[in-house]
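A.B. asks: here are the coordinates; sequence isn't available:
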């Protein structure tokens, strides 16, 4: 298990770089990452930093009210260690906080999303939809330590 204490945006960005450089990609479908942790524990900040690593230039915000946001990835614009081998065509950011039942993901065309190996799917509040995550889904735990510190484990 990898554990990081992040006290700044730079440290969170370093954690996302390490995560992406060691990410095992699902070749048969989407690569799914469940983000688990309490409110304010760093899930959205991690997603924003990861999106920048993948070359997303638009502002990434939590999709709490729209549930899902999709970002097209330009394979030539990934940063850092990923520049040599970007693997995804879309970053799909889902916030399951407002879902009452896991099967509500079906409305988002969940089966099509997870069937596409070009998708990297990050799901905040993944504990609400664990039963629908593929068995090979990655899970990242976020813990609020204090106002300046978050613990990230995968």
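C.D. replies: Arrived safely. Just so you know, these numbers come straight off a predicted model, no measurement behind them.

A.B. asks: pretty sure residue 69 is in a helix, no?
C.D. replies: No: looking at residue 69 with DSSP: H, G, I helix; E, B strand; the rest coil, it is strand, so not inside a helix.

A.B. asks: where along this protein do the helices fall?
C.D. replies: With DSSP state H, the ranges of helices along the chain come out as 9-21, 43-53, 110-115.

A.B. asks: how far away from the center of its chain is the last one?
C.D. replies: In terms of Cα atoms, centre = their mean, to the nearest Å, the centre of helix 110-115 is found 16 Å from the chain centre.

A.B. asks: any low-confidence regions in this protein?
C.D. replies: The chain contains residues with pLDDT under 70 at 75-86.

A.B. asks: if we go to 80?
C.D. replies: Scanning the chain for pLDDT under 80 picks out the ranges 64-65, 74-87.

A.B. asks: of the helices of the chain, which is nearest residue 68?
C.D. replies: The closest of the helices of the chain to residue 68 is helix 110-115. By Cβ to Cβ, the value is 8.6 Å. No exception for glycine: its C-beta is placed from N, CA and C like everyone else's.

A.B. asks: now the helices of the chain in JSON lines, with mean neighbour count?
C.D. replies: Shown next, in JSON lines, are the helices of the chain (neighbours: other Cβ atoms under 10 Å):
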{"stretch": "helix 9-21", "mean neighbour count": "17"}
{"stretch": "helix 43-53", "mean neighbour count": "22"}
{"stretch": "helix 110-115", "mean neighbour count": "16"}
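
A.B. asks: start and end of stretch 18-26, how far apart?
C.D. replies: 18 Å (Cα to Cα, to the nearest Å).

A.B. asks: now swap in stretch 88-108 and tell me
C.D. replies: 19 Å.

A.B. asks: gap between it and the chain center?
C.D. replies: Its chain's C-alpha centre and that of stretch 88-108 lie 12 Å apart, by Cα atoms, centre = their mean.

A.B. asks: contact partners of it?
C.D. replies: Applying Cβ atoms under 8 Å, 6 or more residues apart in numbering, the contact partners of stretch 88-108 are 30-31, 47, 50-51, 54, 56, 60, 62-65, 67-73, 75, 113, 116, 118-126, 128-132.

A.B. asks: redo the helices of the chain as TSV? Include distance to residue 141.
C.D. replies: Formatted as TSV, these follow (distance: least, Cβ to Cβ, whole Å):
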stretch	distance to residue 141
helix 9-21	12
helix 43-53	10
helix 110-115	21
